[in-house]
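> Sharing a sequence plus its predicted fold:
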Amino acid sequence: MKTLITIAALSLAALPAAAHDFGFAGVLSNSNSGEMPGITLSVGKPLAEGPITLESGKLYELEIEADGTGELALEGPGFFRAIWVNEVVINGLEVRPFGLESVEFDEAGTMEIEFLAIKPGQFHLKIPGSTGESQRVDISIQ
């Protein structure tokens with residue numbers, strides 16, 4: 001048994017350095033995170049400035065802020081199916097859902113969605129029922 005444990009330990013030590021780059025938390029480590037601009041929900045104002053580009057395999061945090069000017073939602077089932085949601089934080093409460101289709105704000109507040117970008121492609125988030133270009137943000141996962 002000692003021989004088997006010794007062989008396993010030596011095998012792990014012999015792995016290339018790239019196998020250890022992410023550290024203990026793996027893909028959820030800080031060394032694997034990317035920057036993402038926030039989204040603002042406000043009546044008559046654009047959601048974001050221009051399109052957003054993300055990299056597949058990186059961890060991101062999307063901050064959505066509603067100013068309370070209206071009851072507004074944000075939908076994007078295609079985008080939400082292309083990511084793995086680690087957690088949603090609302091008023092300091094962490095929720096770890098299986099998935100999302102949309103979120104809605106009845107009043108002013110902030111929500112953070114921590115996710116791992118998975119599936120490359122072109123997606124969008126938008127205010128349901130809206131047709132204006134400023135009420136939609138295009139997201140590309142490369």
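Sure thing, it's come through.

> can you pull the contacts of the residue nearest to the spatial centre of the chain?
Of all residues in the chain, the one closest to the mean position by C-alpha atoms, centre = their mean is residue 115, 3.0 Å from it. The neighbours of residue 115, taking C-beta atoms under 8 Å, 6 or more residues apart in numbering as the test, are 59, 60, 61, 62, 83, 84, 85, 86. All C-beta atoms are positioned from the backbone trio N, CA, C, and that covers glycine.

> Show me the residues you listed that map onto strands.
Per DSSP state E, strands hold the following members of the contacts of residue 115: 59, 60, 61, 62, 83, 84, 85, 86.

> pLDDT at the residue nearest to the first one when sequence neighbours are not counted, what is it?
In other words, residue 59. Of all residues not flanking residue 59 in the chain, residue 33 sits nearest, at 4.5 Å (C-beta to C-beta, 6 or more residues apart in numbering). Residue 33 is assigned 86 on the pLDDT scale.

> Surely residue 33 and residue 55 touch.
No. Assessed by C-beta atoms under 8 Å, residue 33 is found out of contact with residue 55, at 10.5 Å.

> What distance do you get for the spatially closest residue to residue 35 that is not a sequence neighbour to residue 100?
Distances taken as C-beta to C-beta, 6+ apart put residue 60 closest to residue 35, at 7.8 Å, once the chain neighbours are dropped. Between residue 60 and residue 100 the computed distance is 14 Å (C-beta to C-beta, to the nearest Å).

> can I see the domain layout of this protein?
The chain breaks down into these domains under automatic domain parsing: 1-25, 33-141.
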